[in-house]
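Q: no sequence for this one, just the structure:
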DNA sequence: GTACAAAGTTAGATTAATCTAACAAATTTA
DNA sequence: TAAATTTGTTAGATTAATCTAACTTTGTAC
């Protein structure tokens, strides 16, 4: 059996693993808003349970077992968000915090019913895929805007970072799921990108922003 | 802020307080399936928070503050059970364990919506009253079938014993909340009752069963 | 290639909730 | 009422998750 805290670590680890950068103790501590030594002892614990690979001073990696667990929690989180929004009529801003709690409920029946009531959805309203009951993601070929080449056109299909400030920013520049993004130029010295949004607005995205915008 | 464990103690304390017998350390330990010393240290903790009155070797009592808290948790529990049954279509037997977890979710909005979706119900699927948002119980006039006289007709409005096997039995004979029960005869030698259910099925209830079925 | 800064680790403390073992009070029984 | 039993309490250990302070390793800058 996994504790609620362990589940949260796995979720964080999985999220960091999507960024294509090494998962460091510092990043985990930052994401979970705790101190590094706490991460350290939990890393030892998760390693003992074969959920991560961990060697001193090296980057942390999820094992297949750990990734599967993480994806199953993610599944519950996203199903819950969708349920709170579509069935219970709560606002998109308020569902996350509640889902953070509901996702830890231990009852297969409960989540099976949610899944059924929603009609076995494959994506949540952020455009992010919902893992299936085996922890497998649906076919989905989105990649970070960061990996896009100069001159390419693509569509926004997801957002990795759910910070309110980031989402608000995206909103303010009129960027929503499905928006067209054209890479006009890449500034190699800092990896920022000059982009054209929806065929009109010109702006610049930092490397961080580019790594957090998923396109296809 | 109260921890999940503290909430469970308060709920247990409240339940014991209904039995009209002194609330002892032993009873609490028995109900929560923990050892007496654990109850002891929690009692000190709850007393410090003014949720109970506690003196060494004396019976424990809920303060008004403690009772109110307990009733508010009970409210969430019962609303959740009703929601799981009526909105999510889960069975009577399976809702309790899930509600034990959901009741601790911290979100007024979540429970407000549940309450709204259910139309501000006053009774849960077991027929038990749901405290209001101030921790007050609605007027409630149900009594055990056991006290019913021969020839009387009544409706099932609650069940005291929540054992899965008992609930499953009720289900199997098609007895649900609101079902009509007519007392055909009372066998005085063992206090069992011959009853007619929903105007058709004839069966016999033992004294135990009669004491656990609430009717009005 | 030292030297300094950043990141990571260890040791040891803290808090909540639990336990066991030993002791003390209250209650029942003879 | 004295002995035996039950109930309640204390002291101290344990586990999970966190922290601070001190130390070590790694990486960067000059």
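A: It's in. Note that the structure is predicted; figures quoted are calculated from it, not measured.
Q: gap between residue A:134 and residue B:86?
A: 31 Å (C-beta to C-beta, to the nearest Å). C-beta coordinates here come from the backbone N, C-alpha and C atoms, glycine included.
Q: what residues does chain A put near DNA strand D?
A: Within reach of DNA strand D by C-beta under 7 Å from any atom of the strand, chain A has these residues: A:3-6, A:32, A:34-35, A:37-38, A:41-42, A:45, A:57.
Q: Just the buried subset of those residues, written out for PyMOL, thanks.
A: In PyMOL, this line selects whichever of these come out buried by 16 or more other C-beta atoms under 10 Å in any protein chain shown:
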select buried, chain A and resi 6+32+42+45
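Q: Let me have the residues of chain A next to DNA strand D in TSV, adding distance to residue B:173 and secondary structure as columns.
A: As requested, the residues of chain A next to DNA strand D are arranged in TSV below (distance: C-beta to C-beta, whole Å; DSSP: H, G, I helix; E, B strand; the rest coil):
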residue	distance to residue B:173	secondary structure
A:3	42	coil
A:4	40	helix
A:5	45	helix
A:6	44	helix
A:32	52	helix
A:34	54	coil
A:35	59	coil
A:37	60	helix
A:38	55	helix
A:41	55	helix
A:42	51	helix
A:45	50	helix
A:57	67	coil
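Q: Which strand or helix spans the closest residue in space to residue A:144 that isn't next to it in sequence?
A: Setting aside the residues directly before and after it, residue A:144 is nearest to residue A:211 in space (C-beta to C-beta, 6 or more residues apart in numbering or on different chains), at 5.1 Å. Assigned by DSSP states H and E, residue A:211 falls within helix A:207-212.
Q: got a list of contacts for that helix?
A: Contacts with helix A:207-212, where a contact means C-beta atoms under 8 Å, 6 or more residues apart in numbering or on different chains, come from A:19-21, A:144-146, A:148, A:159-161, A:166, A:190-193.
Q: try it again with 10 Å
A: Here helix A:207-212 makes contact (C-beta atoms under 10 Å, 6 or more residues apart in numbering or on different chains) with A:18-21, A:144-148, A:158-163, A:166, A:169-170, A:183, A:186-187, A:190-193, A:195, A:203, A:205-206.
Q: Only the buried members of those residues: can you turn that into a ChimeraX selection?
A: This is how ChimeraX selects the buried members of the contacts of helix A:207-212, with burial counted by 16+ other C-beta under 10 Å:
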select /A:19,144,145,146,148,158,159,160,166,170,183,186,192,193,195,205
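Q: Name the residues of stretch A:120-136 that come out as buried.
A: For stretch A:120-136, by 16+ other C-beta under 10 Å, it's A:121, A:123-124, A:126-131, A:135.
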